[in-house]
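Chemist: A structural model of the following input is requested.
(one chain, ligands or ions: 1)
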Amino acid sequence: MLYFIGIGLADERDISLRGLEVIEKCKKVYLESYTSKLQCDVKALEKLYDKKVVLADRKLVEREADTILDDAVDSDVAFLVIGDSMGATTHTDLMLRAREKKIKFEVIFNASVLNAVGIVGLELYKYGKTTSIPFPTKSYKPETAYDVIKMNSSMGLHTLVLLDVKPPKFMTVNQGISELLKIEDKRKEKVFNEDTLVVGCARLGAKDFVIKSGSVQDIVDLDFGKPLHCLIVVGKLHFMEEDALKMWK
Ligand SMILES: C[S@@+](CC[C@H](N)C(=O)[O-])C[C@H]1O[C@@H](n2cnc3c(N)ncnc32)[C@H](O)[C@@H]1O
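Modeler: Numbering: from 1, shown residues only. Predicted coordinates for the structure are as follows:
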């Protein structure tokens, strides 16, 4: 049996009781270690579970998935994901492969960045497509995030912008904003400029979380501290949303 277990956003204590009970009976415990970052050390997980936790990098999950699946044929295997386990397509792929191989699986949910942003006070129902900004390289400078913001904003919708994770590198709110400003400079479509209303978030779910709202020029130089960071581009505001944003000015 393969268990997909979301372990929450901050530290070892965010796992659900159900998740913890399942881990107790698992022979092998993998932690997907490349799409997000915990606010604690893996050792803290191992101490709580009293089990060895094997780090699963992109290569293992995407190209050598059979290693995980083969383990789950005749024993219980836990596949831990930071946040919620179904918040990234790569895990859906593993689920589909398990199904193909007739391996039973179960999903144990947890909080995800996708709903944790609810704390900001912008209605979750009023977000458009979520997008992400990858670290640009000399030959790869995608403008997808800009296009998604353009589309969402044209409908008055908010945009959640996830920021690249390439351990040990984590994109900051500041870097995310400056990538979008560079694209605006080039395209000049008035999608994202110094006056655009944004919310920068860091370490949602942790005690030392930071949320700051304001125009791009208010936010671009603020220090949000340790990873993980994400950015919200604000769409059309209801008066209650306006009030909520004042909390984070
Ligand atoms: C692929 S998503 C993680 C999905 C994860 N499985 C979940 O359910 O939350 C990773 C990106 O989400 C954002 N993110 C994740 N957790 C966060 C947190 N606690 N605070 C702020 N941003 C976060 C960051 O931009 C990060 O690069």
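
Chemist: What helices and strands are in contact with the top helix by length along the chain?
Modeler: Longest helix in the chain, counting residues (DSSP state H): helix 173-187. Packed against helix 173-187, as judged by 3 or more CB pairs under 8 Å, 6 or more residues apart in numbering; DSSP states H and E, are the following elements: strand 131-133, helix 144-154, strand 159-163, strand 197-202, helix 216-219, strand 229-233. From N, CA and C alone the C-beta is placed, and that goes for glycine too.

Chemist: could I get the ones you listed as CSV with mean pLDDT and distance to the ligand?
Modeler: What follows is those, written out as CSV (pLDDT from 0 to 100; distance: least, CB to the nearest ligand atom, whole Å):
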stretch, mean pLDDT, distance to the ligand
strand 131-133, 98, 7
helix 144-154, 98, 12
strand 159-163, 98, 4
strand 197-202, 98, 5
helix 216-219, 98, 15
strand 229-233, 98, 4
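
Chemist: okay if I get the ones you listed as CSV plus mean neighbour count?
Modeler: Shown next, in CSV, are the helices and strands packed on helix 173-187 (neighbours: other CB atoms under 10 Å):
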stretch, mean neighbour count
strand 131-133, 20
helix 144-154, 18
strand 159-163, 24
strand 197-202, 23
helix 216-219, 17
strand 229-233, 25
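
Chemist: where's residue 41 relative to residue 30, distance?
Modeler: Counting by CB to CB, to the nearest Å, the gap from residue 41 to residue 30 is 17 Å.

Chemist: Return the distance of residue 145 relative to residue 130.
Modeler: Distance of residue 145 to residue 130, computed by CB to CB: 10 Å.

Chemist: what's the overlap in contacts for those two?
Modeler: Any residue near both residue 145 and residue 130 by CB atoms under 8 Å, 6 or more residues apart in numbering counts here, and that gives residue 161.
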